[in-house]
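> Here's my sequence, what's the structure:
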Amino acid sequence: MLKKVGDGMLQRASSKKENKRRRNIGLVVVVSLLASFIWSGVTQTTAKPTLPAELKNRIKQISVEGVCPPFYLCDEHGKVIDPVHGINLDKPYSPKQTCGKCHDYNKITEGFHFQQGRGEKPTALMVERCLWVTSPGNYGGNW
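Numbers count the residues shown, from 1 in each chain. Now for the predicted structure:
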C-alpha cells in the first residue's frame with residue numbers, strides 16, 4: 001500500500017506488524033552493540049597476571065612430562081619399589097613416602113576424600129565382606 005508524502009512523492013505505508021518487527025530488530029541491534037561495548041571494556045581493563053620466569057619454566061616442564069616427573073614408588077621406609085627389576089616386590093607402596101617427596105602430604109590428606117569416614121566404625125556388612133576395612137570411607141572403590 002502506498003501513501004502520498006509531500007511534493008507528490010509516494011511512500012509505502014507501514015503496517016503495525018512491520019513497525020513492531022523493525023522495532024524488535026532495532027532493539028536487538030542496540031542490545032548487541034551495548035553488550036559488545038561492555039564486553040570489550042571488561043576484557044581490555046582486566047589485568048592479566050604475569051607469571052615469574054621460574055613458574056613459566058615449570059609449566060613448560062609439566063606440559064612435556066605430565067603432571068609429575070617420572071618417579072619411583074617407595075615403601076613406608078622410603079625404599080624404592082621396582083617391579084621391573086624385582087626390588088621390594090612384597091612391600092606395599094606408601095603414598096606418604098612416594099608423593100610426599102614433592103608434595104605437601106599433610107595438606108593433601110586434609111581433603112574431603114581423605115577424611116571421609118574417619119572416626120566411624122564400618123558397618124556389619126563391610127566387616128563381613130572385607131575384613132581389612134577400618135572405616136566406611138571411600139578409599140578407592142567399594143571398601
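> For this structure, which helix extends over the most residues?
The helix that spans the most residues within the chain, counting by DSSP state H, is helix 16-45.
> Now do the buried residues in it.
By 16 or more other C-beta atoms under 10 Å, helix 16-45 has no buried positions at all. For glycine as for every other residue, the C-beta is placed from the backbone atoms N, C-alpha and C.
> How far off centre is that helix?
33 Å (C-alpha atoms, centre = their mean, to the nearest Å).
> Let me see the domain layout of the chain.
Using automatic domain parsing, the domain parsing of the chain gives 2-45, 53-110.
> Tell me the pLDDT of Asp75.
pLDDT for Asp75: 93.
> With adjacent residues omitted, what lies nearest to it?
Among residues not flanking Asp75 along the chain, Lys91 sits closest, at 4.0 Å (C-beta to C-beta, 6 or more residues apart in numbering).
> before we move on, back to that, which stretch in the domains of the chain is the model least sure about?
Sorting these by mean pLDDT places domain 2-45 lowest, at a mean of 69.
> if I read this right, Gly78 contacts Gln97, doesn't it?
Yes: with contact defined as C-beta atoms under 8 Å, Gly78 reaches Gln97; the gap is 4.8 Å.
> And the two? Which one has more around it.
Under the criterion of other C-beta atoms under 10 Å, the comparison of Gly78 against Gln97 puts Gln97 first, with 18 against 12.
> number of nearby residues for Cys74?
Cys74: 21 neighbours (other C-beta under 10 Å).
> Check which helix or strand the nearest residue to it once chain neighbours are set aside maps to.
Closest residue in space to Cys74, ignoring its immediate chain neighbours: Gln97 at 4.0 Å, by C-beta to C-beta, 6+ apart. Gln97 belongs to helix 95-99 when assigned by DSSP states H and E.
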